[in-house]
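*Asks:* Pasting the sequence and the predicted coordinates here, then a few questions.
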Amino acid sequence: MGSGNVTERRRQQPLIGVSTVILALGRGGKPGLWLPLVRRVRQPFLGDWALPGGSVQANRSLEESAYEALSSTTDLRPSYLEQLYTFGDSQRSHEGLPMVSVVYWALAGTVETQNLREANNVAWFAEGDLPTLAFDHRRIIAYALERLRSKIDYPDIVTKLVGPVFTLAQLHEVYEAVSGNSIDLANFRRRMLASERIEATAEKVRYGRQRPATLYRYADVQTNGDGHGSGAVGGDEESGRGSREAWQRPMAFGVMPRRANSVTESDLEEVLSAVSPQLRLHP
């Protein structure tokens, strides 16, 4: 393509579309976070994988367009959908027409995805083992993962992945998947129970030949629709504020790096020491 044609294309009105990063917990019994991708059938980036997306129509809101793009490619309509960011770098279209993408991120629980089948040109990938991606979609996925990790202590976010009731082992799986690091299970159990963030229900569940496991739920937290807990029910404003602050303080577990692109051990040491000088990765 000649330089004159490239310059002319870049001066044209940009195309505007929506894309969605949809994150789910585990696929086919495999742990971690997974996401569906669509193989491109036209240029640019013919044959590469991309996030589910589509165009914006005058009779559709951005959110409706995002849901429509998901439905047409994955048959998913997740219960949690939030606008992530707008990406419009001039180089992202790879010398094609300028493109602006309004990106959403969504969470899908195990119930929503357990019977989901892969279709033509649509496949699920582990977030740590992604194929060659079109445009700047690898950067977009990384951005969505950081947003999720920043909200892992919000009950509404966690329950979208694991459900309203869960075993401690299931909750541990969520924290490991989202953080991208191995977390000592015994330490995790002890700290979650001591935090009083969760409470035991009267129900138990058995998996295979294992002993029945207690089901838990988040305790005394009302959600206000944006993923933030509003604190304990009742009480004065001051106690409610204290509860909200407690919910947003990070919890330190026995975390060890699992992948090269995860946080480093020195990073974790800094976080743990900020929470409490007595906490260290290596006792």
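*Replies:* Everything's here; your move.

*Asks:* what ranges do the strands span in the chain?
*Replies:* Taking DSSP state E as the test, the strands found in the chain are 15-27, 30-39, 49-50, 53-55, 80-87, 99-108, 122-126, 181-183, 198-205, 213-218, 255-257.

*Asks:* Export the ones you listed to TSV and append columns for distance to residue 168, mean neighbour count and mean pLDDT.
*Replies:* Quick note: C-beta positions are derived from backbone N, CA and C, even for glycine. Shown next, in TSV, are the strands of the chain (distance: least, C-beta to C-beta, whole Å; neighbours: other C-beta atoms under 10 Å; pLDDT from 0 to 100):
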stretch	distance to residue 168	mean neighbour count	mean pLDDT
strand 15-27	15	22	88
strand 30-39	15	20	88
strand 49-50	35	18	96
strand 53-55	37	17	89
strand 80-87	23	16	93
strand 99-108	20	23	92
strand 122-126	24	16	91
strand 181-183	12	17	91
strand 198-205	8	12	94
strand 213-218	7	17	95
strand 255-257	17	18	47
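
*Asks:* looking at these, which is closest to residue 68?
*Replies:* Residue 68 lies closest to strand 53-55 among these, at 6.3 Å (C-beta to C-beta).

*Asks:* Give me the contact list for that closest one.
*Replies:* Identification of contacts with strand 53-55 by C-beta atoms under 8 Å, 6 or more residues apart in numbering yields 15, 16, 17, 18, 19, 20, 38, 65, 68, 69, 72, 101.

*Asks:* where in the stretch 101-250 of the chain is pLDDT low?
*Replies:* Along the stretch 101-250 of the chain, the parts satisfying pLDDT under 70 run over 111-118, 220-250.

*Asks:* and the gap between residue 157 and residue 36?
*Replies:* For residue 157, the distance to residue 36 equals 19 Å [C-beta to C-beta, to the nearest Å].

*Asks:* no no, residue 196
*Replies:* For residue 196, the distance to residue 36 - C-beta to C-beta - is 37 Å.

*Asks:* Domain parsing of the protein, as residue ranges.
*Replies:* For the chain, automatic domain parsing gives the domain ranges 3-149, 151-275.

*Asks:* Now do the same contact list for the closest residue to residue 79 other than its chain neighbours.
*Replies:* Spatial nearest neighbour of residue 79, excluding adjacent residues (C-beta to C-beta, 6 or more residues apart in numbering): residue 160 at 6.3 Å. With contact taken as C-beta under 8 Å, 6+ apart, residue 160 is in contact with 78, 79, 80, 107, 108, 109.

*Asks:* any chance of the residues you listed in a markdown table, plus distance to residue 141?
*Replies:* Compiled in a markdown table, these are given as follows (distance: C-beta to C-beta, whole Å):
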| residue | distance to residue 141 |
| --- | --- |
| 78 | 16 |
| 79 | 21 |
| 80 | 17 |
| 107 | 14 |
| 108 | 15 |
| 109 | 19 |
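
*Asks:* and of the residues you listed, the nearest to residue 217?
*Replies:* For the contacts of residue 160, the minimum distance to residue 217 (C-beta to C-beta) is 14.7 Å, reached by residue 109.

*Asks:* how near is the closest one to residue 25?
*Replies:* 7 Å.

*Asks:* now swap in residue 181 and tell me
*Replies:* According to C-beta to C-beta, residue 181 and residue 25 sit 16 Å apart.

*Asks:* again, but for residue 171
*Replies:* Residue 171 sits 11 Å away from residue 25, going by C-beta to C-beta.

*Asks:* hey, what's in contact with both of the two?
*Replies:* Residues touching both residue 171 and residue 25 comprise residue 162, with contact defined as C-beta under 8 Å, 6+ apart.

*Asks:* where exactly do the helices run in the stretch 51-200 of the chain?
*Replies:* Remark: helices assigned in the stretch 51-200 of the chain by DSSP state H, counting those that start in this stretch are 62-74, 110-113, 137-150, 155-162, 168-179, 185-195.

*Asks:* thinking again about what came up before, so for residue 175, which of the strands of the chain sits nearest?
*Replies:* It is, among those and with distance given as C-beta to C-beta, strand 181-183, at 5.7 Å.

*Asks:* Give me the packing partners of that closest one, helices and strands only.
*Replies:* In terms of contacts (3 or more C-beta pairs under 8 Å, 6 or more residues apart in numbering; DSSP states H and E), strand 181-183 is packed against helix 168-179, strand 255-257.

*Asks:* Can I get the ones you listed in TSV including distance to residue 51?
*Replies:* Listed next are those as TSV, based on distance: least, C-beta to C-beta, whole Å:
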stretch	distance to residue 51
helix 168-179	19
strand 255-257	27
